[in-house]
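Asker: what's the 3D shape of this:
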Amino acid sequence: MILLAATPIGNLGDASARLIEALGTMTVIAAEDTRVTVHLLKALGIENRPRLISLHDHNERGKAAELVELARDTDILVLSDAGMPTVSDPGFHLVDAAVAAGVVVSVLPGPSAVLAALAVSGLPTDRFTFEGFLPRKHGDRVSALREVSSERRTMVFFESPNRLAASLTDLAAVLGAERRVVVCRELTKFYEEVKRGTATELAEWAAAGVKGEIAIVVAGAEARVLDLETGVAEVLALVESGIRLKDAAADVSAASGLGKRALYEAALEQKTGRPAAVRTDFQALPLP
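Answerer: Just a heads-up that it's a prediction; the model follows:
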């Protein structure tokens, strides 16, 4: 079979008894970084020296078929550097190929940065969505945030510490300055920190520089009933942040229930001082 195993996300003491047993008995391990796995074996005092196969984002598609065939004859333990394989880590293409080939896939549960951040955030946990890493580029990041601007569930993102301030600034611009946000840094480690506040407050805090592994938890959008004047103000605020008027009107419409066309035309009139143009160039249809 193929056995997916969660590894500690920072605290070695979180290694489960089942993980330690598997590390001590498995003869083949597919690892995101074999050097990290060797370090884990040594740190846990495990003398087993299994065959290590590198399985990472750049070779997984090519390695999947080979590993699936190997798993017909022997068990393969699959590890990422931290947390659960396949969750924003390599493993999905291997599992997909194994399922298609009829090879058994099982799991050793354990540490998860997504669930740890969600649990400690203080935001609703009954319904949530994991969105992975935000895009690196500003324009792509804004587009990704626009797609979830009306999401009602709590959202969890991963982010690089080097991009945290920029991402929180974009988040405040797209999802709203007062949106509740929690930044979880270095979870389970000595310097663990959980910072709560509004999107704007945390953007200002992160501007000074932040280090470590980062998870961002964002409150879902609240159901709102807006009048047209307030809706137009929100459209224009989005336009100021760099979003096209048409897209801004669509976002506010999705979040508020106001008509997209009404928002667009009212915002255009307020922005330009002129009413939206009415087409007069329609070609007359011939009479029957």
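Asker: Buried ones in the helix or strand of the chain with the lowest mean pLDDT, by neighbour count?
Answerer: Least confident helix or strand, the chain: helix 245-256 with a mean of 85, by mean pLDDT, DSSP states H and E. Within helix 245-256, the residues that qualify as buried are 245, 247, 248, 249, 250, 251, 252, 253, 255, 256, counting by 16 or more other Cβ atoms under 10 Å. Bear in mind the C-beta positions are built from the backbone N, C-alpha and C, glycine included.
Asker: The stretch 101-250 of the chain: helices as residue ranges?
Answerer: 113-121, 138-147, 164-175, 199-206, 228-240, 245-256 (DSSP state H, counting those that start in this stretch).
Asker: average pLDDT across the second one?
Answerer: The reference is to helix 138-147. The predicted model assigns helix 138-147 a mean pLDDT of 94.
Asker: what bits of this structure have low per-residue confidence?
Answerer: 224-225, 274-288 (pLDDT under 70).
Asker: how about a cut-off of 50?
Answerer: Across the chain, the ranges flagged by pLDDT under 50 are 278-285, 287-288.
Asker: What are the boundaries of the strands in it?
Answerer: 2-5, 28-31, 51-54, 76-79, 105-108, 128-133, 154-159, 180-185, 193-198, 214-218 (DSSP state E).
Asker: Need the winner for burial among those.
Answerer: Of all the strands of the chain, strand 76-79 carries the top mean neighbour count, a mean of 27, counting by mean count of other Cβ atoms under 10 Å.
Asker: which residues are in contact with it?
Answerer: For strand 76-79, contacts defined as Cβ atoms under 8 Å, 6 or more residues apart in numbering pick out 1-5, 7, 22-23, 26, 28-32, 37, 40, 50, 53, 55, 67, 70, 85, 91, 94.
Asker: and if we set it to 6 Å?
Answerer: 2-5, 7, 22, 26, 28-31, 37, 85, 91 (Cβ atoms under 6 Å, 6 or more residues apart in numbering).
Asker: Just give me the closest of the residues you listed to residue 210.
Answerer: residue 7 (24.1 Å; Cβ to Cβ).
Asker: residues near that closest one, how many?
Answerer: Residues within reach of residue 7, counting by other Cβ atoms under 10 Å, total 25.
Asker: Please report how far it lies from residue 245.
Answerer: Residue 7 is 48 Å from residue 245, where distance means Cβ to Cβ, to the nearest Å.
Asker: swap in residue 179?
Answerer: Residue 179 is 22 Å from residue 245, by Cβ to Cβ.
Asker: Residue 170 too?
Answerer: From residue 170 to residue 245 the distance is 18 Å (Cβ to Cβ).
Asker: pretty sure residue 129 is in contact with residue 153, am I right?
Answerer: Yes. Using Cβ atoms under 6 Å, residue 129 is in contact with residue 153, at 5.0 Å.
Asker: Identify the contacts common to those two.
Answerer: Joint contacts of residue 129 and residue 153 (Cβ under 6 Å, 6+ apart) do not exist.
Asker: Next, count neighbours for the closest residue to residue 161 other than its chain neighbours.
Answerer: In space, and not counting its chain neighbours, residue 161 is closest to residue 210: 4.8 Å by Cβ to Cβ, 6 or more residues apart in numbering. By the criterion of other Cβ under 10 Å, residue 210 has 21 neighbours.
Asker: surely residue 210 meets residue 164?
Answerer: Yes. Look at residue 210 against residue 164 with Cβ under 6 Å: they come within range, at 5.2 Å.
Asker: Can you tell me how far the nearest residue to residue 48 once chain neighbours are set aside is from residue 52?
Answerer: Of all residues not flanking residue 48 in the chain, residue 24 sits nearest, at 4.9 Å (Cβ to Cβ, 6+ apart). The gap separating residue 24 from residue 52 is 15 Å, by Cβ to Cβ.
Asker: now swap in residue 177 and tell me
Answerer: In terms of Cβ to Cβ, residue 177 sits 48 Å off from residue 52.
Asker: and what of residue 221?
Answerer: 45 Å.
Asker: do the same with residue 220
Answerer: The value you get for residue 220 to residue 52, if Cβ to Cβ is used, is 41 Å.
Asker: Residue 27 now?
Answerer: Distance from residue 27 to residue 52, by Cβ to Cβ: 11 Å.
Asker: Check residue 240 too.
Answerer: From residue 240 to residue 52 the distance is 53 Å (Cβ to Cβ).
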